[in-house]
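1. can you look at this prediction? I've put the sequence above it.
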Amino acid sequence: MSTSLAPVAVGPSLLNPEWLISTFGLIGILAIVFAESGLLIGFFLPGDSLLFTAGLLVADGHYLHQPLWLLCLLVAVAAITGDQVGYLFGKRVGPNLFRRPNSRLFKQDNVHRANDFFARYGARSVVLARFVPIVRTFTPIIAGVSRMHYRTFLIYNVIGGTLWGVGVTVLGYFLGQVAFVKANIEVILIGIVVVSVLPIGIQLLRSRRAAGTPAADAAAAAEVAPRID
């Protein structure tokens, strides 16, 4: 029995997974996954919550009518392709990325965080970053900046894109068949929106604090610089 859902009016529409899916459908899901996986402007998009919600809605038969296997396949391809674009962009831009000025949609803090993550986990970061909002957008770019061996990057990219894209979607699908979840699906979706917005809110607070301490920014930049030479 399908549950009729009304769009959840919580937060900006671009951060509302159900609104995005009901408005743009499968094409919108793939475009957002692609953008968040490797385009600088995609860091704020709700990738995790979008995929989880997509799984819920496939299970419910609302908005999305494609079979689960097709949705998972296309999502994985979009995620892998997005990371490939991010890698090639980073390889082309190189260390100049670390000298790019801050703007409304670009913050050096995001680059530094991804660089630290990459330095800590090496090639594994391409897989692990998939499950870390914001970092997942910048890590393939940093991999390109660092000139990671392309074949190594491709292998980890395929593994990470598949685990994330398929795993989160399938999790939403099976939870969407649980009676409690179906009975409280609007509350669940509101919770997903809140969770997706939380990392962005934390990042904005950190950016504002950092903006008031230029000396700290200079020290952070000096620490990162030797890693990209």
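-> Everything's here; your move. Worth saying up front: this structure is predicted, and the values here are computed from it rather than measured.

2. hey, where'd the helices end up in this structure?
-> For the chain, the helices defined by DSSP state H cover 17-38, 47-60, 68-93, 108-121, 125-128, 135-145, 150-175, 179-183, 185-211, 214-224.

3. most packed of those?
-> helix 135-145 (a mean of 28; mean count of other Cβ atoms under 10 Å). Every C-beta, even on glycine, is put in place using the N, C-alpha and C of the backbone.

4. distance from it to the middle of the chain?
-> 12 Å (Cα atoms, centre = their mean, to the nearest Å).

5. let me see the mean pLDDT of it.
-> Mean pLDDT, computed over helix 135-145, is 90.

6. likewise stretch 63-79?
-> What stretch 63-79 shows for mean pLDDT is 94.

7. likewise for stretch 98-107?
-> 72.

8. quick one: buried residues of that stretch?
-> The neighbour-count check on stretch 98-107 (16 or more other Cβ atoms under 10 Å) flags 98, 107 as buried.

9. R147 against K91, yeah?
-> Yes: R147 is within contact range of K91, at 6.7 Å (criterion: Cβ atoms under 8 Å).

10. re the thing from before, okay if I get the helices of the chain as a markdown table plus distance to N102?
-> As requested, the helices of the chain are exported to a markdown table (distance: least, Cβ to Cβ, whole Å):
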| stretch | distance to N102 |
| --- | --- |
| helix 17-38 | 20 |
| helix 47-60 | 23 |
| helix 68-93 | 16 |
| helix 108-121 | 6 |
| helix 125-128 | 23 |
| helix 135-145 | 14 |
| helix 150-175 | 27 |
| helix 179-183 | 41 |
| helix 185-211 | 8 |
| helix 214-224 | 9 |
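
11. worst average pLDDT in those helices?
-> The weakest mean pLDDT among the helices of the chain belongs to helix 214-224, with a mean of 45.

12. report the contact partners of I32.
-> Counting by Cβ atoms under 8 Å, 6 or more residues apart in numbering, I32 touches 20, 42, 45-47, 50.

13. need these in JSON lines (columns: distance to V126).
-> JSON lines is the format used below for these (distance: Cβ to Cβ, whole Å):
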{"residue": "L20", "distance to V126": "26"}
{"residue": "G42", "distance to V126": "16"}
{"residue": "L45", "distance to V126": "19"}
{"residue": "P46", "distance to V126": "21"}
{"residue": "G47", "distance to V126": "15"}
{"residue": "L50", "distance to V126": "21"}
